[in-house]
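Trainee: A structural model of the following input is requested.
(chains A, B, C and D)
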There are 2 protein chains.
Amino acid sequence: MIDVFLNYLSDKFILSEEESYAFSRVCTIKKLRRRQYLLQQGDVWQKNAFVAKGVLRTYRVDEKGTEHIMQFSIENWWAGDRQSYHSGLPSAFNIEALEDAEIVLIPKADFDRLEIEIPKFGEFTRSLLERSFIASQNRIHASISYSAEEKYADFTKTYPDITNRIPQHMIASYLGISPETLSRIRNQIAKK
Amino acid sequence: MIDVFLNYLSDKFILSEEESYAFSRVCTIKKLRRRQYLLQQGDVWQKNAFVAKGVLRTYRVDEKGTEHIMQFSIENWWAGDRQSYHSGLPSAFNIEALEDAEIVLIPKADFDRLEIEIPKFGEFTRSLLERSFIASQNRIHASISYSAEEKYADFTKTYPDITNRIPQHMIASYLGISPETLSRIRNQIAKK
DNA sequence: ATGTTTTCTTGATAAATGTCAAGAGTTTTA
DNA sequence: TAAAACTCTTGACATTTATCAAGAAAACAT
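Mentor: Next up is the predicted model:
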């Protein structure tokens, strides 16, 4: 499964054999069963997680016990909690596998070191962060501008690969609407 | 006004005199009157803008003509459009001064070069980006989890300096609620 | 200083969305 | 393979929020 990760990297920038080895040396594989947690609220997150297989959800639970999904991560995506990663404080998030999954883990210390030792890698993670930021700006725009129906249409268009792989009520949670409303929206669309 | 910018930088990392000079050489000052634009939809954004004085708003206009505010920028903050900056495509945003403002501008080419020539600066802009990303994650969390009243409480708590400096209906726009609803929420709060 | 524009409020009403509850269909688990 | 858990749908109703309209107050511009 480390191959999946090395292929991903070599697709993003030119990777020598030594560099490839430097990565493989610091990677560990974590296999998760469906419903199993990669991170639980209260734990400190000090690593980087690359999804080689499966689907994860990152979510928070509010005082009323309602879950709010911040992110889905599928193959070739990353998961984690940047806030806890940088602050060293306990995380407010849970990260859970929605399907059996295989995750490539790199400890923070190694990851941070490799970013410096392999400048192309540092540049890549920066551009990843830039794109993550832009994606989150787009999500904010959708959430303050769109109706529930428009939010759903935007989601399915932006993430077609995720749409059919996860329960509908989780898409509703991600969009900040109730599962019943989403069900009715889909019913409306089907009638058209 | 470049002093304000140089003070800001030297507060963030140790800045030698030569480095200080390197920055001042590439900066230009743009004075904006209230209502004047720093960026208009359709223009390509290829610079970095630091607010030395005043308040800016970054917003989009939808098909119905409704404005949606993505960001406010006050003294010691940055403004711009990262998407246009990196893609070279026309911006979907407008950036407008809400008060007379003074902006320090650095062309993209110079900025990108200084990030490399002065590694501490590159690290700083990266950490700025990390913090911007975390802030936008928090905004997403608020927007999918909170009621209109909670969103307003969260805003005033997170940005007390902005709250009293801009018209209420613009906070409503930023939060994705109608100005009437925000007015009623404030009325409720006042009664308690 | 005064006319103009902007901002905020309030009421009446409409529309969107949420909540609760029940049931059918599906998938998972033991 | 049967029971349990989960998922989705639908109806009835409640609540939240938006819209439209009008007027008062405040800020701005000449």
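
Trainee: ok, now which ones touch A:Ile14?
Mentor: Contacts for A:Ile14 (C-beta atoms under 8 Å, 6 or more residues apart in numbering or on different chains) come out as A:Lys120. From N, CA and C alone the C-beta is placed, and that goes for glycine too.

Trainee: Can you tell me the SS state at it?
Mentor: Per DSSP: H, G, I helix; E, B strand; the rest coil, the secondary structure class of A:Ile14 is coil.

Trainee: For A:Ile118, see how far away it is.
Mentor: Using C-beta to C-beta, to the nearest Å, A:Ile14 is found at 11 Å from A:Ile118.

Trainee: Am I right that A:Leu105 sits in a strand?
Mentor: Yes - if the criterion is three-state DSSP, then A:Leu105 is within a strand.

Trainee: Let me see the confidence value for it.
Mentor: With respect to pLDDT, A:Leu105 scores 98.

Trainee: Burial check on it, number of neighbours?
Mentor: A:Leu105 sits with 17 neighbouring residues when counted by other C-beta atoms under 10 Å in any protein chain shown.

Trainee: Quick check: bridge partners of it?
Mentor: Here A:Leu105 sits in beta bridges with A:Thr28, A:Ala49, going by DSSP bridges.

Trainee: Now do the contacts for it.
Mentor: When contacts are counted by C-beta under 8 Å, 6+ apart, A:Leu105 touches A:Cys27, A:Thr28, A:Ile29, A:Lys30, A:Lys47, A:Asn48, A:Ala49, A:Phe50.

Trainee: ok, now which ones touch the last one?
Mentor: Just to be clear, that refers to A:Phe50. Residues near A:Phe50 by C-beta under 8 Å, 6+ apart: A:Phe5, A:Tyr8, A:Asn76, A:Trp77, A:Trp78, A:Ile103, A:Val104, A:Leu105, A:Ile106.

Trainee: for the third one, same thing?
Mentor: Applying C-beta under 8 Å, 6+ apart, we find A:Ile29 in contact with A:Met1, A:Ile2, A:Ala52, A:Glu102, A:Ile103, A:Val104, A:Leu105.

Trainee: So A:Asp154 lies in a strand, does it not?
Mentor: No - assigned with three-state DSSP, A:Asp154 falls outside any strand and is helix.

Trainee: Let's see the pLDDT reported for it.
Mentor: pLDDT recorded at A:Asp154 is 98.

Trainee: buried set for stretch A:110-129?
Mentor: Residues of stretch A:110-129 classed as buried: A:Asp110, A:Phe111, A:Leu114, A:Glu115, A:Ile118, A:Phe121, A:Gly122, A:Thr125, A:Arg126, A:Leu129 (neighbour count, 16 or more other C-beta atoms under 10 Å in any protein chain shown).

Trainee: Could you list every helix and strand in contact with the helix or strand harbouring A:Phe133?
Mentor: Secondary structure from DSSP states H and E places A:Phe133 in helix A:119-145. Helices and strands touching helix A:119-145, by 3 or more C-beta pairs under 8 Å, 6 or more residues apart in numbering or on different chains; DSSP states H and E, are helix A:2-12, helix A:108-117, helix A:148-158, strand B:67-73, helix B:82-87, helix B:119-145, helix B:168-175.
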